[in-house]
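K.L.:
Any chance you can model this:
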Amino acid sequence: MLIAFKIALRYLFSKKSINAINIIAGISTVGVAIATAALIIILSAFNGLEQIIISRFNAFNPELKVSLNEGKFFNINDTLIQKLESIKNIKHFSFVMEDYAAIKVGKITNPFPIKGVDANYQKVCGIDSMFYDGQFELKDKKGNDMAVVGYEVAQRLSIGVSFVSPIVIYAPKRNKKVSMNPVNAFNKKYLYPSGIFTIDESADNRIILNLALVQDLFEAPNKATNIEISLFNNELSMATQEQLQQRLGSQFKVQNRQEQNSFYKILNSERLMIYLILSFVLLMTAFNIVATLTMLIVDKKNDFLSFKSIGFNNYQIKMIFLLNGWLTIVIGAILGLILGGLLTFIQQKYGMVSFGDGFDMQAYPVDLKFFDFVKTFSIVLIIGLITSLLPVRRFTQNYLQ
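P.N.:
Here you go, the predicted structure:
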């Protein structure tokens, strides 16, 4: 095998009698290098964008979330609190009530999801870092209720932190007879916005209020729809999730961040599709090796008798040309990995490619991951083996009979 490798290496760099072989081999190497570099750069760019998006989602989604399997509201009682406090890895927990209500500002009325949170909510999430204007404040100095508004809500209702007219929130009264005056069928609250947050479209379309106010609005005293939880050690999230599920029983479901948001599944699907598409492009580029090896076998067919005379068997002769094609791919892959890694590092360090004006980030985010290099090099090795094996098996048998 070592002798076959040395001969294949000599064939790779020696001058051929047919000059086109050198040209096609060079084109193949460059093509593989460019395709490999593109795969590294795009995966790194995808990683960087994923980090930014996930960090925004994580500011709103808790590390663990508890909700009912059936029904909407559950009672907040000492037994439930004791079960939560008995789990050592739970750092903070916040009781939450979520539902839809009609929001009216002036003559504009729209339905929006509202979220009632208790005093521990800021300890559970990182929403403080996502404010577009104002601050997180659910009560003013006089004890009056305030609203924290999503950017989408603020845009659709044309409201701001310095708004002089109150926001009116309507929720239907429960177990009440229908009145001739439809206004009497609703509970309503008046309040002013204290801040506007922006995360993404799915989170920006809601209003955050004090839990007690929302409980009163929906006539559900001492009840909640969710429990949002932060942990001391996020690496123990799965174990804590299982432990909490056992303590709470089948009445509740406990979800981690991946399970709370389908965006994680979308990210993984998109990553796989990008990897497969670029791998297919790499395969198409690598098929130049078929032409290179075919011409090399024809060029070196007279050497077959020499190999036979020194004791080479058919398998060893085939391995010479198989390794030749495979080495062409590997060299291109190594050059591509270096090029892709270098360009990504320059972008990460100096931010050469920018978003332009109007974005929070000046430079396009990238993130180099060692596993991406392993995946890319592995797929190149497989493609190199496939594209080298096809011409070697077909054409050498014509000269080895």
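
K.L.:
Where does pLDDT dip in the stretch 301-401 of the chain?
P.N.:
Residues of the stretch 301-401 of the chain meeting the criterion pLDDT under 70: 301-309, 355-362, 394-401.

K.L.:
residue ranges for the helices of the stretch 1-150 of the chain, please.
P.N.:
With helices called from DSSP state H, counting those that start in this stretch, the stretch 1-150 of the chain shows them at 2-13, 19-60, 78-85, 121-124.

K.L.:
Can you flag the weakest of these by average pLDDT?
P.N.:
Taking the average pLDDT of each of the helices of the stretch 1-150 of the chain, the minimum falls on helix 2-13, with a mean of 66.

K.L.:
Which positions within whichever strand or helix holds I379 qualify as buried?
P.N.:
In this structure, I379 is located in helix 370-399 according to DSSP states H and E. Neighbour-count burial for helix 370-399 flags 372-373, 375-377, 379-380, 383-384, 386-392, 395-396 (criterion: 16 or more other C-beta atoms under 10 Å). For the C-beta atoms, the positions are set from N, CA and C on the backbone; glycine is no exception.

K.L.:
Give me the pLDDT value at I297.
P.N.:
We have a pLDDT of 69 for I297.

K.L.:
Sorry, slip of the keys, the one I care about is M97.
P.N.:
Reading off the confidence values, M97 has pLDDT 94.

K.L.:
Measure how buried the spatially closest residue to it that is not a sequence neighbour is and give me the count.
P.N.:
Computed as C-beta to C-beta, 6 or more residues apart in numbering, the closest residue to M97 that is not its neighbour in sequence is G116, at 4.1 Å. Applying the criterion other C-beta atoms under 10 Å, we find 26 residues in the vicinity of G116.

K.L.:
do the one 4 residues further on as well
P.N.:
Residues lying near N120 (other C-beta under 10 Å) number 15.

K.L.:
Quick check: phi and psi on it?
P.N.:
Geometry field for N120 lists phi and psi as phi -90, psi 0, criterion degrees, to the nearest 10.

K.L.:
From K265, how far out is it?
P.N.:
Here the criterion is C-beta to C-beta, to the nearest Å. By it, N120 lies 29 Å from K265.

K.L.:
shaky segments in the stretch 151-300 of the chain?
P.N.:
Within the stretch 151-300 of the chain, the segments meeting pLDDT under 70 span 175-183, 297-300.

K.L.:
Any idea how far apart the tips of stretch 102-110 sit?
P.N.:
As for stretch 102-110, its first-to-last residue distance stands at 6 Å under the measure C-alpha to C-alpha, to the nearest Å.

K.L.:
So which bits of that stretch are buried?
P.N.:
A102, I103, K104, V105.

K.L.:
Make CSV from those residues and add pLDDT and distance to Y170 to it.
P.N.:
Conversion of the buried residues of stretch 102-110 to CSV gives the following (pLDDT from 0 to 100; distance: C-beta to C-beta, whole Å):
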residue, pLDDT, distance to Y170
A102, 89, 4
I103, 89, 8
K104, 87, 7
V105, 85, 12
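
K.L.:
Mind putting those residues into TSV with distance to V30?
P.N.:
Conversion of these to TSV gives the following (distance: C-beta to C-beta, whole Å):
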residue	distance to V30
A102	63
I103	60
K104	64
V105	61
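
K.L.:
Sitting in strands, which of the residues you listed do you find?
P.N.:
With strands identified by DSSP state E, the entries of the buried residues of stretch 102-110 that belong to them are A102, I103, K104, V105.

K.L.:
does S86 really touch Q246, like I thought?
P.N.:
No: here S86 does not reach Q246: they are 11.3 Å apart, not a contact under C-beta atoms under 8 Å.

K.L.:
returning to that earlier point: nearest to Q260, of the buried residues of stretch 102-110?
P.N.:
I103 (24.5 Å; C-beta to C-beta).

K.L.:
And for the residue nearest to that closest one when sequence neighbours are not counted, the neighbour number?
P.N.:
Excluding its sequence neighbours, the residue lying closest to I103 (C-beta to C-beta, 6+ apart) is F112, at 5.1 Å. Residues near F112, counting by other C-beta under 10 Å, number 19.

K.L.:
so T240 touches I90, yeah?
P.N.:
Yes: using C-beta under 8 Å, T240 is in contact with I90, at 6.9 Å.

K.L.:
returning to what we had before: the helix holding I379: how far from the chain's middle?
P.N.:
Relative to the centre of its chain, helix 370-399 is centred 31 Å away, using C-alpha atoms, centre = their mean, to the nearest Å.
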